[in-house]
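A.B. asks: Provided below are the primary sequence and the corresponding predicted coordinates.
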Amino acid sequence: MHHCPYCSTKVRNDENYCLSCGKKLPDDRQERLMEKKPFNRYWYIPIAIFSLLLLTSGIYYTFLQSQSAQAAEKYQEAEAHAMEGNYTEAIDSLEQSLSHDHSFQQAKDALQFVQKAASIKKDMKQASDLLEKKEFQNALSLVNEAENGITNYNGEAVIQLIDHITTKRNSIKLAQLKQKLSQNPGIDDLKVLLWEADAIQSDEAAGIASSIREQIVDYIFSKASEQLNNNQFSDALLIVDDGLKYAPDSKKLQSLKTTIEKEKTAFETAQRQRIEQAISSAEKEKKLNENDAIELVSVSAKRDKQGKLTVQGKVKSTATIPVNSILIEYSLLTNDESFLSNEVYVYPDTLYPDDVGEFEFTHYDIDRNTNNISINVDQVKWYTDQSQ
């Protein structure tokens, strides 16, 4: 309840008009808001807390900035140590960097790498010890494992470490290569060692590869020349072509190959000519053996002491092959007229080149009074192995 300001009549708080005078009552709430109230001292507490928090945040931010700067400084310091291969110092610097900034992910990754690099450095020392003991395979295994362990990393320090690993591998392979060469390897082993030498990236290995290549060239040249001297041209070319696989720029082998090809052509041409000549000679020989194989040396027709007429003679073989069954056909003449024909075989039955055979026949039925008898050889027949 409160009083009407116009007629002092009591009115309820929820009434807007006075029931006595009918006037609109003023809004009490607006008056209360318009009334000036005293400032509440308790507001100082949250203001003070807020100010403190603001100050603390600024200090903490400044601290974090300082820590980040120190972490970055230690990280750069670690990078310098790592590039110089001082991995122990790099680890120490990175641990200090992380002590300043635990969330520094780049420093965490770098720490993991330099720890791996420090382990690899020990492995490389062990590989060197194994190399001195000539345990090449064990040393190479260590090097390969070390390289495989850093395949997921990159950066200048990684490249530098890989170069160091590669150098170590080449030195091991080079030492292994020298030991194999000291054992006087054969030509097949030399071919394998040449590939190994070419795979090693170093000036010394290149020199060894050149020396091996010269040995292979000299061997190939010698063997191919032997085949060439024996007219084995195809085998000689195969040997040279095999050598050119290992020394494609060898002028010595290239020249030999040209020589072999020329000699092969010349030999085949000469051989073809010889075959043609042989065929021609064979034809001549065949004609000789067929037509002129037997030469009549002598022939006579005489009476013996008993008055019988005996025909005697000799022939000679001018054939190039054995002549068989030589038959002499002759005629007996008197006063240049033939009155008797006969045949007689030469003995021995077979005449070899330049052999002389004889023939003889006695006529019992010729009248003793027949005078001035002469003989004429009409034909000589024979057989050869070719004609049979």
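C.D. replies: On my side now, so go ahead.

A.B. asks: Mind checking what secondary structure residue 85 has?
C.D. replies: At residue 85, secondary structure determined by DSSP: H, G, I helix; E, B strand; the rest coil is coil.

A.B. asks: Now that it has come up, it's in contact with residue 118, right?
C.D. replies: No. Residue 85 is beyond contact range of residue 118, at 9.8 Å (criterion: CB atoms under 8 Å). For the C-beta atoms, the positions are set from N, CA and C on the backbone; glycine is no exception.

A.B. asks: where along the chain do the helices fall?
C.D. replies: Secondary structure of the chain by DSSP state H: the helices cover 28-34, 44-83, 87-100, 105-132, 136-148, 156-181, 187-199, 203-229, 233-246, 251-291.

A.B. asks: Out of the ones you listed, name the one with the poorest average pLDDT.
C.D. replies: Mean pLDDT is lowest for helix 28-34 among the helices of the chain, at a mean of 45.

A.B. asks: Quick one: neighbours of residue 106, just the number.
C.D. replies: 13 (other CB atoms under 10 Å).

A.B. asks: what sits against the closest residue to it other than its chain neighbours?
C.D. replies: Spatial nearest neighbour of residue 106, excluding adjacent residues (CB to CB, 6 or more residues apart in numbering): residue 75 at 6.8 Å. Residue 75 is in contact with 93, 94, 97, 104, 106, 107, 110, counting by CB atoms under 8 Å, 6 or more residues apart in numbering.

A.B. asks: ok, the last one - how many residues close by?
C.D. replies: Spelled out, it's residue 110. The burial count for residue 110: 24, using other CB under 10 Å.

A.B. asks: And the first one, by the same measure?
C.D. replies: Close neighbours of residue 93, defined as other CB under 10 Å, add up to 25.

A.B. asks: likewise the third one?
C.D. replies: Around residue 97 sit 26 other residues, with neighbours defined as other CB under 10 Å.

A.B. asks: ok, it touching residue 104?
C.D. replies: Yes. Residue 97 is within contact range of residue 104, at 6.1 Å (criterion: CB under 8 Å).

A.B. asks: on that earlier part again, turn the helices of the chain into a markdown table, including distance to residue 323.
C.D. replies: Below are these laid out as a markdown table (distance: least, CB to CB, whole Å):
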| stretch | distance to residue 323 |
| --- | --- |
| helix 28-34 | 164 |
| helix 44-83 | 103 |
| helix 87-100 | 104 |
| helix 105-132 | 85 |
| helix 136-148 | 79 |
| helix 156-181 | 70 |
| helix 187-199 | 57 |
| helix 203-229 | 41 |
| helix 233-246 | 41 |
| helix 251-291 | 8 |
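
A.B. asks: Most tightly packed of those helices?
C.D. replies: helix 87-100 (a mean of 20; mean count of other CB atoms under 10 Å).

A.B. asks: Give the other helices and strands that it contacts.
C.D. replies: Contacting helix 87-100 under the criterion 3 or more CB pairs under 8 Å, 6 or more residues apart in numbering; DSSP states H and E are the following elements: helix 44-83, helix 105-132.

A.B. asks: Which neighbouring elements make contact with the last one?
C.D. replies: Okay, so that is helix 105-132. helix 44-83, helix 87-100, helix 136-148, helix 156-181.

A.B. asks: So the chain: which segments form each domain?
C.D. replies: Following automatic domain parsing, the chain resolves into domains at 1-37, 48-181, 187-268, 294-384.

A.B. asks: Kindly reformat those as a markdown table containing distance to residue 278.
C.D. replies: Formatted as a markdown table, the entries for the domains of the chain read as follows, by distance: least, CB to CB, whole Å:
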| stretch | distance to residue 278 |
| --- | --- |
| domain 1-37 | 145 |
| domain 48-181 | 53 |
| domain 187-268 | 15 |
| domain 294-384 | 13 |
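
A.B. asks: how about these, which one is nearest residue 284?
C.D. replies: Comparing the domains of the chain by their distance to residue 284 (CB to CB), the top pick is domain 294-384, with 9.7 Å.

A.B. asks: end-to-end on the closest one?
C.D. replies: 11 Å (CA to CA, to the nearest Å).

A.B. asks: mean confidence score for that domain?
C.D. replies: Averaging pLDDT along domain 294-384 yields 87.

A.B. asks: Check the offset of it from the chain's centre.
C.D. replies: Relative to its chain's centre, domain 294-384 lies at 81 Å (CA atoms, centre = their mean, to the nearest Å).
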